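1. structural data only, the sequence is not supplied:
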């Protein structure tokens, strides 16, 4: 599993993540991050590596000047993502449980392919280390977002047996 943390501050979206992959019996570090920036979008995934990799290659909609990122995610991205999963033969089940943090234009969303929900947040954490990270976020509210994310993912790495470094942090 993993830990992905997102924070919005002053119209900037920060997302950080560890690089762990685990199967319940062992944990290893990927050589590539689980967070990315493409065009106006920043995102990170926790859960199924296969679904996360779909997020890396999916055609992310290009926003027009007045587009609302929530509406684009809810109306367009869901359909594109569903279609891509069907084309790849991937179904949502216990083995493919995945959550994705997506940021755009100073807004942060949690996207869940389990029920195709899109929830807007100011800060959140997903993955097996998410609860540890949320506790850390609460205690570091007065710190810089990059420091907060590092501390939060560090807490997840320390206390969750399914989280492991290195830590990557990006902002847009």
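-> Everything's here; your move. Just so you know, these numbers come straight off a predicted model, no measurement behind them.

2. longest helix in the chain, by residue count?
-> Looking across the chain with DSSP state H, the single longest helix is helix 145-159.

3. which residues does the nearest residue to residue 35 once chain neighbours are set aside contact?
-> Of all residues not flanking residue 35 in the chain, residue 44 sits nearest, at 3.8 Å (CB to CB, 6 or more residues apart in numbering). (Glycine included, C-beta is placed from N, CA and C.) Contact analysis of residue 44 by CB atoms under 8 Å, 6 or more residues apart in numbering lists 4, 6, 15, 16, 17, 34, 35, 36, 100, 101.

4. mind listing what's buried in stretch 72-81?
-> 72, 73, 74, 77, 78, 81 (16 or more other CB atoms under 10 Å).

5. can you list these in JSON lines and add secondary structure, pLDDT and distance to residue 29?
-> What follows is those, written out as JSON lines (DSSP: H, G, I helix; E, B strand; the rest coil; pLDDT from 0 to 100; distance: CB to CB, whole Å):
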{"residue": "72", "secondary structure": "helix", "pLDDT": "94", "distance to residue 29": "33"}
{"residue": "73", "secondary structure": "helix", "pLDDT": "92", "distance to residue 29": "30"}
{"residue": "74", "secondary structure": "helix", "pLDDT": "91", "distance to residue 29": "34"}
{"residue": "77", "secondary structure": "helix", "pLDDT": "86", "distance to residue 29": "29"}
{"residue": "78", "secondary structure": "helix", "pLDDT": "85", "distance to residue 29": "31"}
{"residue": "81", "secondary structure": "helix", "pLDDT": "81", "distance to residue 29": "27"}
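
6. would TSV of these with distance to residue 128 be doable?
-> What follows is those, written out as TSV (distance: CB to CB, whole Å):
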residue	distance to residue 128
72	29
73	24
74	27
77	25
78	25
81	22
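
7. which of those lies closest to residue 141?
-> Distances from residue 141 to the buried residues of stretch 72-81, taken as CB to CB, are shortest for residue 73 (27.0 Å).

8. give me the helix or strand of this structure that scores worst on average pLDDT.
-> Scoring the helices and strands of the chain by mean pLDDT, DSSP states H and E places helix 78-88 at the bottom, with a mean of 80.

9. now the helices for the protein?
-> Under DSSP H, the chain gives helices at 49-57, 69-71, 78-88, 130-139, 145-159.

10. quick check: which of those is buried the most?
-> Across the helices of the chain, averaging neighbours per residue (mean count of other CB atoms under 10 Å) puts helix 145-159 on top, at a mean of 21.
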